[in-house]
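Enquirer: I would like the atomic coordinates for the input below:
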Amino acid sequence: MEAASYPADEAASPANLAFRAREAADYFLVGLAEGGELRGYVCGTLSAHGSLTHDTMAAHDAAGWHLCVHSVCVDPAWTRRGHGKALLAAYMEHLRQLPAGKRPKKVSLLCKPHLEAFYASAGFTSNGPSPVVHGADVWTDMSLDMT
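Expert: Modelled structure (predicted):
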């Protein structure tokens with residue numbers, strides 16, 4: 001699903017996804033259909049730094065307060081049907097329900113410019129072009145204050 005959602009130079013490797021699921025399980029949400037089939041997932045890692053950088057995206061600091069979202073993926077067979085919006089809303093509600101010590105104070109992500117409105121509809125604010133270079137395209141830095 002990751003490979004179907006991102007170009008090869010941007011997609012997380014299976015090893016990176018396994019790391020996030022194992023080390024940052026509280027920040028990895030899977031969306032399942034009624035029959036249990038995988039429809040999508042959202043995953044992120046924590047950082048103790050206030051901005052999203054290559055370094056903050058490459059590790060997980062369990063004591064961190066800033067959540068860096070890595071992937072928002074929906075099975076290609078289920079795109080453009082509202083599943084991404086529902087999955088992101090469920091993820092944000094999941095974050096709000098975490099115990100105070102695990103709840104992030106800020107959530108950040110990078111997106112392509114054509115997806116800014118999608119993330120803005122979930123409460124994220126655009127901070128302009130990101131200085132992070134990942135793949136061939138320019139990314140927009142977006143964030144949401146959770147305090």
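
Enquirer: mind checking which helix or strand the residue nearest to the spatial centre of the chain is in?
Expert: When the chain is reduced to its mean C-alpha position, the closest residue under Cα atoms, centre = their mean turns out to be V69, at 2.8 Å. Following DSSP states H and E, one finds V69 within strand 66-74.

Enquirer: return that strand as CSV; C-alpha atoms alone will do.
Expert: Extracted C-alpha coordinates of strand 66-74, given in CSV (Å, rounded to 0.1, in the frame of the first residue of the first chain):
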residue,chain,number,x,y,z
HIS,A,66,6.1,16.6,18.6
LEU,A,67,4.5,13.9,16.3
CYS,A,68,5.9,13.7,12.8
VAL,A,69,3.4,11.9,10.6
HIS,A,70,5.2,9.8,7.9
SER,A,71,2.4,8.2,6.0
VAL,A,72,-1.3,8.6,5.3
CYS,A,73,-2.2,5.7,3.0
VAL,A,74,-5.4,4.3,1.6
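
Enquirer: before we move on, back to that, got a list of what the residue nearest to the centre of the chain touches?
Expert: 42-44, 107-109 (Cβ atoms under 8 Å, 6 or more residues apart in numbering). The C-beta positions use only the backbone N, C-alpha and C, and glycine is treated the same way.

Enquirer: closest to G84 out of the residues you listed?
Expert: V42 (9.3 Å; Cβ to Cβ).

Enquirer: ok, the closest one - how many residues close by?
Expert: Using other Cβ atoms under 10 Å, the number of residues around V42 comes to 24.

Enquirer: what pairs with the strand holding V69, parallel or antiparallel?
Expert: strand 38-47 (antiparallel), strand 106-111 (parallel) (DSSP bridges).

Enquirer: what's the angle from the very next helix or strand once past it to strand 38-47?
Expert: Downstream of strand 66-74, the next assigned helix or strand under DSSP H and E is helix 83-97. Helix 83-97 and strand 38-47 are oriented at 40 degrees to each other (axes from the mean of the first three to the mean of the last three Cα atoms, to 10 degrees).
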